[in-house]
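J.: Dropping the sequence and predicted coords here.
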Amino acid sequence: MAHEIEAIQDPGIPAHVHRKADNDPAAAKQAERQVAILFLLSALGTILFIVSYVAIPEDIFVFIPVMGNTNAHQLFLGLGLAFSLFFIGMGAIHWAKTLMPDEEVTVQRHEFRSADEDRDALVATAKEGAAAAGLGRRSLIKRSLGLSLGLVGLSPLLLLRDLGPLPGDSLSKTSWKAGTRLVTDPGDRPIKPEDLEVGAVAQVLPAMIPGQDHRALSDIGKDAVLLIRLRPEEFNLDAERLSWTHEGIIAFSKICSHMGCAVALYEQQTKHLLCPCHQSTFDVTRAAKVLFGPAARPLPQLALALDSEGYLVAKQSFSEPVGPSFWERSS
């Protein structure tokens, strides 16, 4: 026996329940003031964000229970932006729930097509919604919302300061200067010619100046140099480049001229340096000339000399910028 299936009746839209603010002008005014207060709190949060960004130094720490020592600059930046966005959201929600129209509207389904009538209906609905929101009548909300949105819009603009300062010529310069000693990396030990045997390779950095207790990673990324010792007769260099060597010791930037990777592989038999990233190959005997791969330029050579104590030093800085190409580079 087949079971009869009862049709589910459309319950329809329940009766509309008016809110207190719909019937009581005093309640509506109170809700308006509450919304304005929330928007003003958002504005204060944005002001806290701006003041924190400008006035609080980045090296000040404060103790916060559970969190421990926290950077005050970052803490108040976060709190200011959080308050700004939170109270804008709370104000908008409270406005919608207490003052904006909440009557249910039935809209019949229609075909998925655009027509002039639909566009006209959309414009009419938008105008009706704008009128129903009461911005024209509720000037306090309009002014406080404008202040809140205007200030929060300044937050991303303020962060544009962090795009600077411009690099200037920092990409073209390294820490190498005339007379700078070559020191081992790691170890920071000065190097004498007798410390290197023929065929040996060492990674070196410029010695730190007095009072300097650490190196910035950005400096290491430009200053790293490979020191290689060959027999003097193995070089195929012009007179100037040969004068940059010392007793068969030659120095090249370790930063690949293609994409800035570390040229870390040395083939002792072929006298070739190999970049492991994209296989650019450089001939040590011919001033790091490119033999293979995408690199467009030889590795910059560092001119060498000896100081009064017999340690290897730079005769001068690199004759060209190290690393890959950049817009301001002339070659």
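T.: That came through fine.
J.: Now Ala202: which helix or strand?
T.: Using DSSP states H and E, Ala202 falls within strand 201-206.
J.: any idea where the helices of the stretch 1-150 of the chain begin and end?
T.: Ranges of helices within the stretch 1-150 of the chain are 20-23, 25-55, 72-98, 116-133, 139-152, based on DSSP state H, counting those that start in this stretch.
J.: Quick check: mean pLDDT of the strand holding Ala202?
T.: Averaging pLDDT along strand 201-206 gives 90.
J.: Which positions in that strand come out as buried?
T.: Ala202, Val204, Leu205, Pro206 (16 or more other Cβ atoms under 10 Å). C-beta coordinates here come from the backbone N, C-alpha and C atoms, glycine included.
J.: Widest-spaced pair of those residues?
T.: Ala202 and Pro206 (13.9 Å; Cβ to Cβ).
J.: So, low pLDDT: which residues of this protein?
T.: 1-4, 110-114, 135-136, 167-168, 209-218, 328-331 (pLDDT under 70).
J.: number of nearby residues for the closest residue to Phe63 other than its chain neighbours?
T.: Leaving aside its sequence neighbours, Phe63 sits nearest to Asn69 (Cβ to Cβ, 6 or more residues apart in numbering; 5.7 Å). Using other Cβ atoms under 10 Å, Asn69 has 9 other residues around it.
J.: so who does Asn69 touch?
T.: Asn69 makes contact with Phe61, Val62, Phe63, according to Cβ atoms under 8 Å, 6 or more residues apart in numbering.
J.: ok, how many other residues are close to Gly323?
T.: Around Gly323 there are 22 residues (other Cβ under 10 Å).
J.: name the element it belongs to?
T.: Using DSSP H and E, Gly323 falls outside every helix and strand.
J.: And it, how close does it get to Cys256?
T.: 8 Å (Cβ to Cβ, to the nearest Å).
J.: so Pro232 sits right up against Ile250, yeah?
T.: No: Pro232 is beyond contact range of Ile250, at 10.0 Å (criterion: Cβ atoms under 8 Å).
J.: number of nearby residues for Lys271?
T.: Count around Lys271 with other Cβ under 10 Å applied: 17.
J.: Direction included, what does the strand holding Ala202 pair up with?
T.: In the sheet, strand 201-206 lines up against strand 182-184 (antiparallel), strand 225-229 (antiparallel) (DSSP bridges).
J.: Can you name the element that comes right after the longest one?
T.: Per DSSP H and E, strand 225-229 leads on to helix 239-243 as the next helix or strand towards the C-terminus.
J.: For that following helix, give me every contacting residue.
T.: Phe235, Ala287, Gln301, Ala303.
J.: Apply 6 Å and report the result again.
T.: Helix 239-243 is contacted from outside by Ala287, using Cβ atoms under 6 Å, 6 or more residues apart in numbering.
J.: Could you list the domains of this structure?
T.: 20-104+122-162, 171-314 (automatic domain parsing).
J.: Reformat those into a markdown table and put distance to Glu6 next to each item.
T.: Shown next, in a markdown table, are the domains of the chain (distance: least, Cβ to Cβ, whole Å):
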| stretch | distance to Glu6 |
| --- | --- |
| domain 20-104+122-162 | 26 |
| domain 171-314 | 72 |
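J.: Highest mean neighbour count across the ones you listed, which stretch is it?
T.: For the domains of the chain, the largest average neighbour count (mean count of other Cβ atoms under 10 Å) is found in domain 171-314, namely a mean of 17.
J.: Now do the end-to-end distance for it.
T.: 19 Å (Cα to Cα, to the nearest Å).
J.: Isn't His278 up against Ala295?
T.: No: in terms of Cβ atoms under 6 Å, His278 does not count as a neighbour of Ala295; the distance is 7.9 Å.
J.: Touching both of these two, which residues are there?
T.: His258.
J.: For Gly323, which residues are in contact?
T.: So Gly323 contacts Ile255, Gly260 (Cβ under 6 Å, 6+ apart).
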